[in-house]
Structure formats: C-alpha cells, structure tokens
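# Just to be clear, the model below is a prediction. Sequence and coordinates:
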Amino acid sequence: MSTRTTHLDITGMSCANCSATVGDAVESLDGVSRADANYATDEASVEYDPDRTSLAAIYEAIEDAGYGAVSKTATVAITDMSCANCADANRDALEAIEGVIDADVNYATDEAQVRYDPAETSLSALYDAVEGAGYSPVREDGSGDGDDSHSTGDGSDESARDAARNAEIRKQRRLTLFGAALSAPLLFFLIDALLLGGAVVPDRVFGVGIHWVAFALATPVQVVLGRPFYANSYKALVTNGRANMDVLIALGSTTAYVYSVAVLLDLIAGGVYFDTAALILVFITLGNYLEVRSKGQAGEALRKLLEMEADTAVRVNEDGDEEEVPIDEVAVGDRLKIRPGEQVPTDGVVVEGQSAVDESMVTGESVPVEKTEGDEVVGSTINENGLLVVEATKVGADTALQQIVQTVKEAQSRQPDIQNLADRISAYFVPAVIANALLWGVVWFAFPEMLAAFVDRLPLWGQVAGGPAPVGGTVSVFEFAVVVFASSVLIACPCALGLATPAATMVGTTIGAQRGVLFKGGDVLERAKNVDTVVFDKTGTLTRGEMELRDVVAVGPEGDAAPDGGAVAEGDDATTGDVTGSDTAGEDAAVGAETDDEVLRLAASAERGSEHPLARAVVDGAEERGLDLSDPESFENVPGHGVRATVDGDEILVGNRKLLRDAGIDSSPAAETMERLEREGKTAMLVARVRADADGGELLGVVADADTVKPSAAEAVSQLRERGVDVMMITGDNERTARAVAERVGIDPENVRAGVLPEDKSDAVESIQSDGRRAMMVGDGVNDAPALAVAYVGTAIGSGTDVAIEAADVTLMRDDPLDVVKAIRVSDATLRKIKQNLVWALGYNTAMIPLASLGLLQPVLAAGAMAFSSVSVLTNSLLFRRYDPDRDYALFGFLRR
C-alpha cells in the first residue's frame, strides 16, 4: 500500500478541542491512517492512501467539521489541446501532483482551474505537469509560487494569454495558407478525376509523370502540416496512454499517403491518393484555425471587461496634494480624486462630492446612478458629471470587477452534469472509431460482393469509385478497403462532442455576467432552469429594506388612542402634542396615557442598542422629531420578538405580541390599532413599560415602520408565474403585514410564511423542498445564508452581505427582482444551446460514421465534414451571444433583430 503524507494550514481553530475535532473528522475517512492537528501551530499532518481517498475528500471533511484548510486557486492557460481527450490528459496530470486538491480543464477556454495546497506544491509544479503531459502552459511573468487565480490589475496575465492565443492563430493561418497553396493544384487534379473523367489534367507535366507531381506537392504538406498531428499523437498514445482526435487525423492522412507512395513505387497495384492525403490536412488545419479564432471571440467579453480597468489613479494625500500613480500602487484607505468623465480606479466609498456614475459594465443598467457621500462605488465604472473623492476599500484582485471575472471563469471550469454524458462517450470514442474502421476495412476486403449487394439496396448514392472491382468498380478490393478505413477514421469528430457543452457554457455565463447575473458554476447554470418554486425573503429583496417610521399611536388604558397619537406623515407637526394634558378635550380620553412623543422617546431609547433595521428606523424617526433620547442602562435583544431595555430606571419592551405576553402584559387594548397598521403592510411594534416601583407592566402604545416595495417586484412575480413557477415569500413579519406585501406584489396569500425566525429560515426552505419542490431561495442578509445554502439554488441579491453572497449559487449584482427571471432564462437558454450542440455532434457522428463504413464517402470529403462539424458547434454557440435574457429564448430568436 502506497501512502502519502500531506501538511495543511488549518484556519478557525480556537482551542485544543478544535484540533481534536479536526483530527477525528479526517481520521474518520476511509484510507486515512493518521491525522494530527496542532492548535499551537494551526497545522495538520495527514497520512493517507491516495488509492482509497483524496486530498479533496480531506479538505471537505475539515470544512464539514466547521474549519478551513488553506488553499489557492490558479488559472493555467494551456495551448495545443485539440479535443476533450487532451483536456482529460491534462486534468489527470495535474491531479497526480501531490498537493493538488482538484483540477478542471476546459477545452473550450484552453484553461485549467487548479485548487492546490500552497504548502505542498507550487504554480511552477503545475506548469511542469502540463509540460510533462506533452502540452504547453502559458507561464505568467513573476508567477513563481504565487496565486494566479486573479489578474494583477494591469492586465499582464491576460495579455500573456492573448499573446499565446494570437500566436496560435497566426501559426494555424500560416499552416493553412502554406497547405492551401500547395494543395490547390491537387484539388484541381481531384475535381478533374471525379467530375471530368481525367479529360483536362495530362499524364505528364514538363516530362514528369502526374503522379510524381502530386507526390512533390503533397509531401511538403504531409511533413509541415502533418507534423503537429504526429507529435500530438505520439504524446497522446505514448505519454498519456490514450488516443485523441490527432490520432484519427494522423491515421487517415498517413494511410492515404503511404498507400499512394506504395503504388507510386509499384509495390502494389492501384490508384494514388496524394490529393486526398494533402487536402485532409489542409481542411483539418483550416478547421483548427477557425476554431481557435472562434474560441477567442467567445471569451472576448471577459477580456473587454478587464480592459476597462483604469491604469492610473489620482491620489490625494493628507495635505491635499495630488499625485498620479499606477493603479497597482493604490492601497486600501487611499483617497482618490475622480473628475467628470474619468473611470473610478477601484472599489471605494464616496467621502466628498456628488455625481452620477455609469455602472452599466457591472450591472447592465444603462441609467447612471446618483452617488453622494457615504455611497459605495465600483472600480472601472464611469464618473459622469461631478467631482468625487473616493476612499479605496478594495484593490487589486479583491475588486468587484476582478471578482466578476473570476466567478465567470470558475463557472466555465465547473461544467454542467450534462457534460458527463459527453465525457463518458469521449473516453471510448476514438478507440471505438479506430476499431470500427479496422473492422469495416477487413470486412470489405473479405466480403466485397456481399456488402456491395447490401449497399446497393439502400436508398442512397453510389459507392466511392463505383465500389470494389468484383462488383464493377474501378478500384481493387484492397484499395477500396483502404478508402473505407481512411474515411471511417476521418469522418468521426470527437471535437464537436467535446466542444458542445463548454462552448455554450462559456457564452451563457458571459451573457449573465454582462447583465449582472453571476453563476458560480456550470452545474448551477444547469440547475437554475429546473427551479419550480422561487422563495423570496421579503425585506431587501421584494422591498427596498430601508425601513422608515410611519406611525406612533399612544394607547390609553381602555384602548383609546391618546389625543395626539396617530400617523407620522410628511408635514405633520407631530412634536406639538400637549404633554401636560392642558387640552381639556383630550384629558378625558387620555387619562393615564402617555403622549405619542413620550411613547416614541421611550421606544427609541430602548432601541438605541439594536442594529436591526426596524430599530434604526424608530431611532432615526425620534431624532428627526428632535426628541431627547436616553441611553439604555441595560439592553437585551430577544431574537424574532423584540428588545428589552432599562430606560430611566424602568424596563421598556418593544416588540411583538409574544414579547409582551411572556412579560405578563395585556396587549389587547392595542389590537384594533395593530390590525389596522398590519393590514396597511406596516410592521407594528408594541411598546410597554414595567416600572421599577410597581407590580406588572403597562401598555404604552404602538410604533410602526414600513418598507417600500420595489417597483419591479410585481412584474418579477408575474413573469415567474407565467413561466409556471410557484412564488413564495418568507418573512419574520406577522401574518397581516406579510399578506399585505404579498398582495401588492401578486403572491398567493397561501404561499406566505410569516413569523419565521432568522434561525428557522433554512428549516422553512427544507420544508418547502420536502415534497419534491426544487426551490430557488432569494435573500440578502446574513440570516439568509443558511437558507441559501440548503436551497436547490441559492440566490443573493446584489445589495446583500458578503456572507449571503458567499453562501449563494447565483449572485445578482443589482437590487432588481426581475434579475431572478433573467437568471432562470439564461439557464434555460444555455441548456437549450448545449442540447442543440449535442444533438448536432451526436447526430453528425451517428449518421456519418455508418456512411463512411459502407464505402459511401471519399476520405477528402470526410475530412472536410469533420472540420466543418467542430466549427459549426462553435459557430452555433457564438450566435448565442446575441441572446437577450429580457425575453425567453427562441431557436431563431436572433432573426427578430
């Protein structure tokens, strides 16, 4: 048994028990013989059998135990991959390195995403592994052992990859032009032989036999254009032990060339196929050229995003002096001046000035957003008309733009599950094609008459050269068997199969990113279309999440409102109520009741210790009235119910009915007021007091906050329901308030779950999914993170917290609920495009391989069809770039434009 020992840096341990927990969690894995975690050094040493478990499983066990292990993610650009089997070879080579946790290699993007333990391996080791597999990594300048998961901000890594891709494009173009120049006469020879019966081309040219002329033209093509295919075939078969597309091309072309040389040297009888051998390589090389160009076009959107980054920034020092510095010298905390028309250099917060900022490159929203002091700005957006001074909060790889690009790249590397079908087929495809070609070549050689008779009965065109000689054809049986073998290996196209999913996924994730919808993986992109239920958290998702104090109602001992109690409306002189009771008209109704100002003062004083939006709205409302608030002497937050605080020696309670009921205070005098406010969609909170010198407590009144429903919320719900998706809402608000909001946005009242405590949201989502529903949870707060994690698809709204975004599968850069619909549409459209590509790739191979096996295709036509197949899949995916997720995808939707 071979064992490995790996050393990990552990995060999150706070005591010796933590280290024991980590050790136990890892040792519970089958294949782990020893796991020691050291709390003092925050390190762990694990001895394991790589044949029974993996480093990825060890990391997962540590994370499941509630801790973390340090890792880095590197993006390695790889050139000269020719099919999905090449990607598999690179993945196997990378994952074989000690310290590599997992690796995903994407043939469509020519990149590998590698997660590794920096204590065990380095970026240079990853490059060496790719080279060891026979391929060429793009080594980044100064990468060393660093993390290459992000751009440095100056675009240097992207330019290195662009340079490699452009060099490959130039190389393929040169090869194509060289081959085409020499093959043009050969193409004329072929046309003359097939269509004109040899009436134009003479037997000799300048005294040299026409076959020797063909040999002279075809041999340089075979050497120059064929060399990459021979080299890649050797690497695939000898180095990696697997056959790829290059093997098929080398076999087909070499068969035609060697057979022709043998005929030319009179070693065997038959015709020559120098034209076929050369044109095969020319067509395939042309296909490679178009394919490389198409790959570049598919990734163009991401490169354009990175090109938007500012190169310099104007830094303002403490003395007010300005200095223009390179963007990579900007640090967190620096103050930057941005003039009208300039780019915002990096993410930050406005400290001076006011302006409109064009954020379309991040959110897809064309209308500029007004920014003033305290507002956040995103790097690379455009300052429209005012002068701003911004304090940098995120720089380099941490900026929103870099995070968007990295998220999209990671999404492109994590392929949908549907790719597993293509991978399983590709693994056996090339060996099966070679075996099929050999089989039919032998069968045609052994039983030409029987097979020819069978083919003649099919409602198809005639066989190549009229079939083998015994049935009236113009070629020998052996020659016909060679033609069948060459055509059968050349017609098969694993490229189309390998490109079908990643090409569409690459375009789909980019379409989403351009419109502010970020998918964390191709697997998420695939799942989103299957969502049958969308569960919205109310506050901050369907509503703006900006609570305002709307009502203060002081309640008398019998439930009567105090004389000045009532709604806080704009323009009300709410501070002029008669506190002393000198208004005799109100004395009789307000005996024993506090004024609304006093109720608000006590409630706001109690809420000063809370950061909850409802509490902040009450405090802000009291301060706007100019009330003199007290600092609470003690404060207790009662999650899901309210707060309890000591103010001016008395205990003040602000919260829901249960909070007062648990304190033994009767809230029924305020029942009518509570019901009225809740029917209006407001969040009403009871205010009560327990005097230090009295038994029991007294009800003082009600304060009510209200949130504003987002303008697009109703339209989002409507469009989801039109798609047949059930829409639900979860909120901690009471039933009446929740139903009022639901009614305004068009959610069925039966689909509202109100009074859900923060810690119970994940249970609510699991309950919804328990009957087989596939739910998308949409939220924005820290308390939404567990629910986002358990949902079939978790979606974080753009204004959400980092915790929510981290837990989510999809991130919406804007605060618009309509983007939920866009996410589902992009998912649906991408999967349709993938299926179109797979149907074409599988259908092409399923139809064409039998035709070649039956002797119905010329090898040169087979090679042309093979090249066309992969290019057509990429072209179909590139057409997808025109899709607009504001509408449902239609197969020929691009014709609407």
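Sure thing, it's come through.
# what residues are up against Ile97?
With contact set as Cβ atoms under 8 Å, 6 or more residues apart in numbering, Ile97 has these partners: 116, 121, 125-126, 129. The way it works is simple: take the backbone N, C-alpha and C, and place the C-beta from them, glycine included.
# So which of those sit within strands?
Members of the contacts of Ile97 lying in strands (criterion: DSSP state E): Tyr116.
# Including distance to Thr109, neighbour count and pLDDT, could the contacts of Ile97 go into TSV?
Shown next, in TSV, are these (distance: Cβ to Cβ, whole Å; neighbours: other Cβ atoms under 10 Å; pLDDT from 0 to 100):
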residue	distance to Thr109	neighbour count	pLDDT
Tyr116	19	25	92
Thr121	23	21	90
Ala125	22	16	92
Leu126	16	24	93
Ala129	19	24	93
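# Taking the contacts of Ile97, tell me the two that lie furthest apart.
Tyr116 and Ala129 (10.7 Å; Cβ to Cβ).
# quick one on the thing from earlier: looking at the contacts of Ile97, spot the one nearest Ser355.
Tyr116 (43.3 Å).
# Pick out whichever of the contacts of Ile97 sits closest to Leu891.
Leu126 (40.8 Å).
# Do I have it right that that closest one meets Arg115?
No. Using Cβ atoms under 8 Å, Leu126 is not in contact with Arg115, being 10.8 Å away.
# Spit out the residues that contact the two alike.
Common neighbours of Leu126 and Arg115, using Cβ under 8 Å, 6+ apart, are Val100.
# So which of the contacts of Ile97 belong to helices?
125-126, 129 (DSSP state H).
# Contact partners for Thr374?
Slight slip there: residue 374 is Gly, not Thr. Per Cβ under 8 Å, 6+ apart, neighbours of Gly374: 349-350.
# Can you show me the strands along the stretch 451-600 of the chain?
For the stretch 451-600 of the chain, the strands defined by DSSP state E, counting those that start in this stretch occupy 517-519, 533-537, 548-554, 566-567.
# Can you tell me which of these is most buried?
Stretch with highest mean neighbour count among those: strand 517-519 (a mean of 28; mean count of other Cβ atoms under 10 Å).
# helices or strands next to it in the packing?
If contacts are counted by 3 or more Cβ pairs under 8 Å, 6 or more residues apart in numbering; DSSP states H and E, strand 517-519 sits against helix 400-413, helix 494-514, strand 810-812, helix 818-853.
# now those as a markdown table including mean neighbour count?
Output for the helices and strands packed on strand 517-519, formatted as a markdown table (neighbours: other Cβ atoms under 10 Å):
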| stretch | mean neighbour count |
| --- | --- |
| helix 400-413 | 22 |
| helix 494-514 | 28 |
| strand 810-812 | 28 |
| helix 818-853 | 21 |
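# Turn the ones you listed into JSON lines, including distance to Glu95 and mean pLDDT.
Shown next, in JSON lines, are the helices and strands packed on strand 517-519 (distance: least, Cβ to Cβ, whole Å; pLDDT from 0 to 100):
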{"stretch": "helix 400-413", "distance to Glu95": "14", "mean pLDDT": "68"}
{"stretch": "helix 494-514", "distance to Glu95": "18", "mean pLDDT": "80"}
{"stretch": "strand 810-812", "distance to Glu95": "28", "mean pLDDT": "87"}
{"stretch": "helix 818-853", "distance to Glu95": "25", "mean pLDDT": "89"}
